[in-house]
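**Student:** Sequence and predicted structure below; questions after.
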Amino acid sequence: MRFLKPATAAALSVLAFSGAHAAEKSTNPCTLLQWQDLASVGATKDMPMTDAGWHQEATPKEIPGSKLFTNMCAAGLKSEAGRTSITLSFDSFLGKVSEQQIHDWLKANMPPADQKEGNPRLVTLGETTCETGQYELPVSQDDGSVANTVEHYIACDQQVGTHHVSLNVHVPEANKAALPTPEQAKALLEKSVMRMKEQSFAVAEKSS
């Protein structure tokens, strides 16, 4: 849940638009990202950002009787070095839910770093946990063939009350130097969390 490959994020976006439930009173997560904060990875004021919309997920066994909704803002930047992907994602619950239940759910559904590809590294910075690593991504070539390219990423997440928020930044090998450090990524995430609190970010189930 902390780390999303760009292809996974894109697939979830499609599912979210076709979901039976949507946000009736919520904030567009893309309003919580500002391109100026992401200028170091190539973002400009014209950077396209897509709000996936709220989508209801399966109820976690750790939190029976609740309703889990997810949403995300996805942005992509193309350059000669390759494609940089930025995703800000949210998990939010409806129903009687405690912060401890959210903590237990996240702990149960976050696989250990040593069980993932690319030898990821975990750093805990206060309430934020950041994971850095790399993986291979198949990319179509001009001649129609497919070649694997190396992608580097940082994924930071934080529990905020009964919300779960995560920020992913993925860069190609040729642009590895632009990848934020854990401290920089944490600061970016916390800016979004601050805006979320200011806007009373919430999800409400729409009557079907």
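**Tutor:** Perfect, I can see it now. Residues are numbered from 1 along each chain as shown.
**Student:** And stretch 182-197, how far out from the chain middle?
**Tutor:** Per CA atoms, centre = their mean, to the nearest Å, the displacement of stretch 182-197 from the mean C-alpha position of its chain is 12 Å.
**Student:** can you check stretch 58-72 too?
**Tutor:** Using CA atoms, centre = their mean, the offset of stretch 58-72 from its chain centre is 17 Å.
**Student:** Then stretch 77-94?
**Tutor:** The answer for stretch 77-94 is 6 Å, by CA atoms, centre = their mean.
**Student:** Can you give me the buried ones in that stretch?
**Tutor:** Neighbour-count burial for stretch 77-94, counted by 16 or more other CB atoms under 10 Å, picks out 77, 81-94. Quick note: C-beta positions are derived from backbone N, CA and C, even for glycine.
**Student:** Show me what secondary structure element comes after the host helix or strand of residue 101.
**Tutor:** Counting by DSSP states H and E, the element that carries residue 101 is helix 99-108. Next in sequence after helix 99-108, counting helices and strands by DSSP H and E, comes strand 121-125.
**Student:** what angle sits between the next helix-or-strand element following that next one and helix 99-108?
**Tutor:** Toward the C-terminus, strand 121-125 is succeeded by strand 128-140 as the next helix or strand (DSSP H and E). On the basis of axes from the mean of the first three to the mean of the last three CA atoms, to 10 degrees, strand 128-140 is oriented at 40 degrees to helix 99-108.
**Student:** packing partners for the helix or strand immediately after strand 128-140 in the chain?
**Tutor:** Next helix or strand after strand 128-140 toward the C-terminus (DSSP H and E): strand 146-160. On a contact count with 3 or more CB pairs under 8 Å, 6 or more residues apart in numbering; DSSP states H and E, strand 146-160 meets helix 99-108, strand 128-140, strand 163-172, helix 182-198.
**Student:** among those, which is nearest residue 46?
**Tutor:** strand 163-172 (18.6 Å; CB to CB).
**Student:** For the helix holding residue 101, list the C-alpha coordinates in CSV.
**Tutor:** Taking C-alpha atoms only, helix 99-108 is exported to CSV below (Å, rounded to 0.1, in the frame of the first residue of the first chain):
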residue,chain,number,x,y,z
GLU,A,99,-7.0,4.9,14.9
GLN,A,100,-5.6,1.7,16.5
GLN,A,101,-7.7,-0.4,14.0
ILE,A,102,-6.1,1.6,11.1
HIS,A,103,-2.7,1.0,12.6
ASP,A,104,-3.3,-2.7,12.9
TRP,A,105,-4.6,-3.0,9.3
LEU,A,106,-1.7,-1.1,7.8
LYS,A,107,0.8,-3.3,9.8
ALA,A,108,-0.9,-6.5,8.6
